Each structure stands twice: as structure tokens, then as C-alpha cells.
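K.L.:
Based on what follows, work out the 3D shape:
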Amino acid sequence: MNVILLHTGQTLSFGAKLFAAIYLWYSYRRSFRKSALIFSVAFLTASLQVLGDLIEIETATITMEALFASLLFYGSLKLLDEEGLSFTVSRGYYVSLTPLILTLYMLTAERSSPPNWLATVGVAYVVSGLFILLSGFLLLGLRNLYGNTLKYLGILLIVYGAHEMDYPLLRPVDWFAPFGFSLSAALTLLIAYFFVRFAGQEEFLKLPPERSKPLKEIKPGLTLLSPEEYKKLLPPIKELPLLAFTRNPREAPENWTVYTISQIERERTVSPTNLPKITETVSRYLKTAGNGGIALIDGIEYLNMYNGFEATAKWLSALGDIAYVNNGSVIVVTEREAWNEREWNLLMRLVA
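P.N.:
Predicted structure coming up:
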């Protein structure tokens, strides 16, 4: 293969991956989305993969490629989880380690037995390509939320993953080398471009309109309201871009970001047992909302039924602390009759 073509392609690939890593880190600092952080580290490892290729250390190249595939797959699962489309991201974390673990195993096995490129490095490329391909299918599932940008990104990852899977078979074919390298370089540039474009979308950053000051009716921290008090407060807050967790999403204003508390898995749904996810979402929202952000919890009795009072009370206390340090508010709608005297007194202490 032409050396100038090879080095030009590698340089462009390295620059594109490094730029994507930096931009995704910037996106993480703005949105506090963990998926952006994971994608950023994924592209950083991808740029190191190019360096391994440049200095011709194949073990470093394939290890970084496997780590990229693992992080890309986990980041895609995390993005689905952030959008309320998955309850099993913690289990997916272990699955996403498959390319890296298998690659390290095959490279270790190669040291203790006669070398066989196809059985070690070749298999590692296939598995990494498979997980990149699967990441593309996962991202395609979010095209209704993010439009054509994620649609094209998903398709590109599917093609790139399939192309990486054919590498062990077509590697010995001389005529295919220039075409395969050019295709890989072009796909890399396009994937980096669409990742940057996606990470800059308002839908991903979820930056609410700025407000000059918090509402006087709501104090920072945790607030408990009865259904009647909530109805009186609704007129001044219904035009604000609230974050809401509720059992009745149809009753929420259209401009709110609403998650349905339910055991049924569908778009923008959170399990009643997944309190850490609600905490993470509220924390990210209040940090990006700035002064006076408001999160609403309507269905606390349902959460209490699944988690028990002690766990629910500790969780509410943590939410109150998060809201207070961000000068925001967490409103919990509940009725006095839903709690016994001891429980109600403890809840009152949380908002004192």
C-alpha cells in the first residue's frame, strides 16, 4: 500500500478521534451525562489505537480497539438508560467487557502456544467489530428522539463494525487492502463527525431556558405539597421546563421532561426500584438548569411501597441535599393520610 496514503489516513483518523474525544468531554461538562463521558474515553482509546498502528505494535492496536468497542457498547447502553429505555444497564456493563476480556485472553494464550494470527488477533477483531455493530443498532433505537443524526450514526457504526469483522478474512487479499483501508478511514471520519454533531444537540444537552431567579413560592431544597397545594402552585410552574417523575404522565404539561414511574419498560420510563437512576437524572438536571431548577416527584407512595420507608426517607433526604447545593427545588406531592404518624413526622423533619 502507498505509504503516503497510509500515513495520511492514519493522521486524519487520529485527529478526528482525538477531536471527538475532546468535544464529548466538553459535552459531558455541560450536560453531566455519563454517556458523554464514556463516549469521550472510548474515542480517546480509539486515538491510542491509531498510535499503536503507527508504531506497529499490534497487541496495543487490538487491545485499544477492543477497549473502544467495550466502551462504545456500554456508552450506548448508558444513553438508553438515561432516556428511560432500559432497566438493565448494570448487567450490560459486564456484557460490554466481552471484547476487551476476550482480546486479552487470546493475546495471553498466544504467548503460551504456537502463534496463530487468525485464532488470536483475528478473533479479537471479529468480536470487537460485532460489539461496534451492536452499538449501532442500540443507537438506532433512539432515532425518534434525536432524528437523522443518530440514525446516520447508527448506520455508520453498523457498517464499520461489519467491515471490521471482515478484516481477518480479507487481510491476505492484496487488492482489497487499499479499498479496505480507505473505507475504514472514511467511516472513522464520518462517525467522529456525527458523534460531535449528536453531542452538541440541544436534545442531548437538555439545557433549559434561563430564568433570572427562582420562584418565590418554592424554597431551595425539599418541599412537600398536598395535592391541593400542588394544584394552586401549578399555574406559575406549568410554563417552566420542569423535570417530573409521575404515575400519570398525561396530566403533565407538554414542555415538561416527564418520566413515568412504572414496572413496564418503554420510552421515558423508570422502575420504582431504580432510585439511583432518579437521583442521577435529578442531579444532572439541577446542575444544568442553573439557579431555580425544579424537579417534581408525584407518586412517592408508589416508590415507598417498593423500597420501604427507611430507604425512601434516606433517598428524599439525599435529593433535598442535591437540590439545596444547586439552589434548586425538589417538590414531592403526597397526602398526609398516606403515612402513619411516625413516618409523617420524619418527613416533616426532612423539609424543616
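K.L.:
Could you use CA atoms for every contact and neighbour count after this?
P.N.:
Fine.
K.L.:
List the contacts of the helix or strand hosting residue 320.
P.N.:
Taking DSSP states H and E as the criterion, residue 320 maps to helix 309-325. Applying C-alpha atoms under 8 Å, 6 or more residues apart in numbering, the contact partners of helix 309-325 are 220-222, 275, 279, 282-283, 286, 303-304, 329-330, 343, 346-347, 350.
K.L.:
So how do I select the buried members of the residues you listed in ChimeraX?
P.N.:
Selection of buried members from these for ChimeraX, criterion 16 or more other C-alpha atoms under 10 Å:
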select :220,221,222,275,279,282,283,286,303,304,329,330,347,350
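K.L.:
Now the two most distant members of the contacts of helix 309-325.
P.N.:
Greatest spatial distance among the contacts of helix 309-325 (C-alpha to C-alpha): 286 and 343, at 27.3 Å.
K.L.:
follow-up on the earlier one: narrow the contacts of helix 309-325 to those in helices?
P.N.:
275, 279, 282, 283, 286, 303, 304, 343, 346, 347, 350 (DSSP state H).
K.L.:
What's the per-residue pLDDT of the first one here?
P.N.:
When you say that, I think you mean residue 275. For residue 275, the pLDDT comes out at 91.
K.L.:
Can you pull out the low-pLDDT segments for the stretch 151-300 of the chain?
P.N.:
Filtered on pLDDT under 70, the stretch 151-300 of the chain yields the residue ranges 171-178, 206-217, 290.
K.L.:
rewinding a little: with distance to residue 267 as new columns, can the ones in helices among the contacts of helix 309-325 be given to me in TSV?
P.N.:
What follows is those, written out as TSV (distance: C-alpha to C-alpha, whole Å):
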residue	distance to residue 267
275	17
279	18
282	18
283	20
286	22
303	19
304	23
343	33
346	34
347	31
350	32
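K.L.:
For the host helix or strand of residue 138, which residues meet the burial criterion?
P.N.:
Using DSSP H and E, residue 138 sits within helix 123-140. Within helix 123-140, the residues that count as buried by 16+ other C-alpha under 10 Å are 123-140.
K.L.:
which residues sit against that helix?
P.N.:
Outside helix 123-140, the residues that touch it by C-alpha under 8 Å, 6+ apart are 62, 65-66, 69-70, 72-73, 76-77, 80, 96, 98-99, 102-103, 106, 150-151, 153-168.
K.L.:
helix or strand right after it?
P.N.:
Using DSSP H and E, the first helix or strand after helix 123-140 is helix 143-146.
K.L.:
From the contact counts, what lies against that following helix?
P.N.:
helix 148-170, helix 202-205 (3 or more C-alpha pairs under 8 Å, 6 or more residues apart in numbering; DSSP states H and E).
K.L.:
Rebuild those helices as JSON lines, extending it with mean neighbour count and distance to residue 181.
P.N.:
Shown next, in JSON lines, are the helices and strands packed on helix 143-146 (neighbours: other C-alpha atoms under 10 Å; distance: least, C-alpha to C-alpha, whole Å):
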{"stretch": "helix 148-170", "mean neighbour count": "20", "distance to residue 181": "10"}
{"stretch": "helix 202-205", "mean neighbour count": "15", "distance to residue 181": "32"}
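K.L.:
possible to save these as a markdown table with distance to residue 231?
P.N.:
Converted to a markdown table, the helices and strands packed on helix 143-146 look like this (distance: least, C-alpha to C-alpha, whole Å):
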| stretch | distance to residue 231 |
| --- | --- |
| helix 148-170 | 39 |
| helix 202-205 | 29 |
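K.L.:
For my notes, confirm residue 263 occurs in a helix.
P.N.:
No - judged by DSSP: H, G, I helix; E, B strand; the rest coil, residue 263 forms no part of a helix; its state is coil.
K.L.:
right, and the helices and strands packed on helix 143-146 - which one's nearest residue 247?
P.N.:
Closest among the helices and strands packed on helix 143-146, using C-alpha to C-alpha: helix 202-205, at 23.4 Å.
K.L.:
Excluding residues flanking it in the chain, which one is nearest residue 223?
P.N.:
Nearest residue to residue 223 in three dimensions, chain neighbours excluded: residue 331, at 4.8 Å (C-alpha to C-alpha, 6 or more residues apart in numbering).
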